[in-house]
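Asks: Show me the folded form of this:
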Amino acid sequence: MALPKMKKLYYSISEVSRITDVTQPTLRYWENEFPFLQPGKNSAGNRIYKESDIKLIFLIKYLLYVQKLTINGAIDYIQELHDKNALNEALDSFYPPKKGAEKKTTETNMPATQEEQVNQTNKPQESAKEMHSGILNLLMKIKEEIDTLNHELEKIQYKLD
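Replies: The predicted model follows:
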């Protein structure tokens, strides 16, 4: 399945956020971290994203959330694709996944680094549901840690009073 036909030349950050299911603050952060993600700005100073920017966001999302690369690892991977003149082909292989559907992108669709080839051999593809479940579990663990820290702070506050 290909990326749906884009009806506009440029998209606002809120539209891109809805299309990619990536929050606006995350998009702004990725702008600072990924040198290839540099949307333009209109005369009012608002970000304007092109179709290629949206495809790049899907690639970044895939590398970070499915492949579990670090930001630096994703930057290196994208740079490697660029150096091999394979970035446009990789971007074209990404599209917005349907909710609940399994990811269609496999290692054979994407050029892989040697390390990824070793680590990803025979790894089953995660469905969107599994990815969201993993994120939910991570958020629950973070909440537990925050609750523990709050409890410890309350003990300290009690001792100080």
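Asks: how does the chain divide into domains?
Replies: Under automatic domain parsing, the residue ranges defining each domain of the chain are 13-123, 127-161.
Asks: Tabulate those domains (JSON lines), appending mean neighbour count and mean pLDDT.
Replies: For every residue, glycine as well, the C-beta is placed using N, CA and C. Output for the domains of the chain, formatted as JSON lines (neighbours: other C-beta atoms under 10 Å; pLDDT from 0 to 100):
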{"stretch": "domain 13-123", "mean neighbour count": "15", "mean pLDDT": "76"}
{"stretch": "domain 127-161", "mean neighbour count": "10", "mean pLDDT": "74"}
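Asks: end-to-end on stretch 30-47?
Replies: By C-alpha to C-alpha, to the nearest Å, the extent of stretch 30-47 from end to end equals 13 Å.
Asks: oh, I was asking about stretch 29-37
Replies: One end of stretch 29-37 sits 10 Å from the other (C-alpha to C-alpha).
Asks: Packing partners of the longest helix anywhere in the chain?
Replies: When the chain is scanned for its longest helix (criterion: DSSP state H), the result is helix 128-160. Other elements packing on helix 128-160 under the criterion 3 or more C-beta pairs under 8 Å, 6 or more residues apart in numbering; DSSP states H and E are absent; no helix or strand qualifies.
Asks: if you go through the protein in chain order, where are the helices?
Replies: According to DSSP H, the helices that the chain contains are 13-20, 24-33, 51-61, 71-83, 87-92, 114-120, 128-160.
Asks: Out of these, which gets nearest to N42?
Replies: N42 lies closest to helix 13-20 among the helices of the chain, at 11.3 Å (C-beta to C-beta).
Asks: Extract the C-alpha trace of the closest one and format it as PDB.
Replies: Backbone C-alpha positions of helix 13-20 (Å, rounded to 0.1, in the frame of the first residue of the first chain) are rendered in PDB as follows:
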ATOM      1  CA  ILE A  13       2.300  20.700  12.300                       C
ATOM      2  CA  SER A  14      -1.200  19.800  13.600                       C
ATOM      3  CA  GLU A  15      -2.100  18.100  10.300                       C
ATOM      4  CA  VAL A  16       1.200  16.200  10.300                       C
ATOM      5  CA  SER A  17       0.700  15.200  13.900                       C
ATOM      6  CA  ARG A  18      -2.700  13.700  13.100                       C
ATOM      7  CA  ILE A  19      -1.400  12.000   9.900                       C
ATOM      8  CA  THR A  20       1.700  10.400  11.600                       C
END
